[in-house]
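Engineer: structure of the sequence below:
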Amino acid sequence: MRIGIIKTKNSKTEALAVIQPEPIERIDKHPAAVYLAGLAEGSRRSMLQALNVTAGLLSGGKDTAGSLNWASLRYQHTQAIRTQLEAMYSPASARKMLSALRGVLKEAWRLGLMASEDYRRAVDLRPVKGERLPKGRAVTSGELRSLFFNCQADNGPTGRRDAGLIAILYAGGLRRSEAVSLDLEDYEAGAVKVKHAKGNKARVVYLSEGAQKALEGWLGLRGSEAGPLFLPVTKGGKVISRRLTAQAIFKALGVRALRAGVASFTPHDLRRSFVGDLLEAGADISTVQKLAGHSKTETTQRYDRRGEETKKKASALLHVPF
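Structural biologist: Coordinates of the predicted model:
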C-alpha cells in the first residue's frame, strides 16, 4: 500500500492519502457495509454520502466508501482528514463525517480487520468545534394560511393530499421520511404513530383540530383501503395505490409554495416551525423534544427558528430598577 499527499481545490490543506488500498472481497466483512447496514434508512443515505466524500479525499478521488480499505487507515490518515474536513466544511458537517469515519473504523475493529491499538489511535481525534448560523427558516402562520388556502382552491385530489401533508409535517413535526413511511392504520382519532423514526425511536404525536380536519379531507378521498397513508396522484388526477416517496414530498411542497406565492421552504422547515411555534406557545422544551423525537434537548434548541422579535420579548421580561 502506498501513502501519498493530496491537495484539494477548496483548501490549501495537504492530507495523507491511501492511494492503493487493498480490496476487500467479502462484502459481509466490509466495515463500511456493516456500519451502514446498522443505520436507519434516512441516516444510511446521509452517512454513505459522508463516507464517499472521505474516501475520495483519502484516495485522491479514486475510491468510494465501498472500495476504500478502511482497515488500513492509521492515526496519520485520520488526523489529516480531520484537518481537511475542518477546513472545507461547516463544523456540523465535519463532525458528521468524522462520526461516520469513527463508526466504520469501529466495525473494522469488531470484524477483526484492525488491531485494537491501531483503532484506538486512529479515532483519538480532537473534536471539531464551532457553530455556523443555522440552516432553514420558520414558516409563518400567514404563509401556512396561504398554503392551505391554495390547497383548498385546488378541487382535485392533489390539493387534499398536499393539505394533509402540510398538516402532518407541521402539526406533527414529522420528517418527510417518517411521513412517507406512515400507513393508514398509524393514524387514529388525531394520534399518529411514528413507527419508522430516525434512530429507531418510535413515538406518538397528536394533531390539533385543524390539522385533523386537513388530513381527514384527504382520507375521505383516499378511502379506507389498507396501505400507505399518502399516495401519488397523476397529472390527470388519478390516485395511485403505492407509497409516496420522500423526494415527491419535496417536489410537491415546492410546487405548492410557488402557487401560493410563498417563499421557498423545505419539508424540514415545517418541522423547524413546529418546534419554534410550540416553544413560543409556552410548551416546555422537554415535551417538545419528545414530540420531535430528538435524543437531546440541545438538538431541539438548534431547531428553534424564532426571530429577533422573540428575543426582544424575552429581554423585556427583565426589570431594570432605574
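Engineer: pLDDT below threshold where in this structure?
Structural biologist: 1-28, 131-134, 305-312, 314-315, 319, 321-322 (pLDDT under 70).
Engineer: can we see that at 80?
Structural biologist: 1-29, 40-42, 130-136, 197-200, 298-299, 301-322 (pLDDT under 80).
Engineer: what segments of it are strands?
Structural biologist: 3-8, 11-18, 187-188, 191-194, 203-206 (DSSP state E).
Engineer: how much space between the residue lying closest to Leu169 once chain neighbours are set aside and Ala92?
Structural biologist: Nearest non-adjacent residue to Leu169, counting by CB to CB, 6 or more residues apart in numbering: Leu270, 4.2 Å away. (Each C-beta comes from the backbone N, C-alpha and C, glycine too.) Using CB to CB, to the nearest Å, Leu270 is found at 21 Å from Ala92.
Engineer: the more surrounded of these two?
Structural biologist: Counted by other CB atoms under 10 Å, Leu270 and Ala92 do not tie: Leu270 has more neighbours, with 28 against 15.
Engineer: ok, that one - contacts?
Structural biologist: Val139, Ile166, Leu169, Tyr170 (CB atoms under 8 Å, 6 or more residues apart in numbering).
Engineer: ok, the last one - how many residues close by?
Structural biologist: Read that as Tyr170. If you count neighbours by other CB under 10 Å, Tyr170 ends up with 25.
Engineer: now it. Nearest residue, chain neighbours left out?
Structural biologist: Nearest non-adjacent residue to Tyr170 (CB to CB, 6+ apart): Leu270, at 4.3 Å.
Engineer: distance of that neighbour from Ser59?
Structural biologist: Leu270 is 39 Å from Ser59, by CB to CB.
Engineer: could I get the buried residue list for stretch 46-65?
Structural biologist: Neighbour-count burial for stretch 46-65, counted by 16 or more other CB atoms under 10 Å, picks out 47-48, 50-60, 63-65.
Engineer: mind checking which of those land in helices?
Structural biologist: Here DSSP state H is the test, and the buried residues of stretch 46-65 give Met47, Leu48, Ala50, Leu51, Asn52, Val53, Thr54, Ala55, Gly56, Leu57, Leu58, Ser59 as lying in helices.
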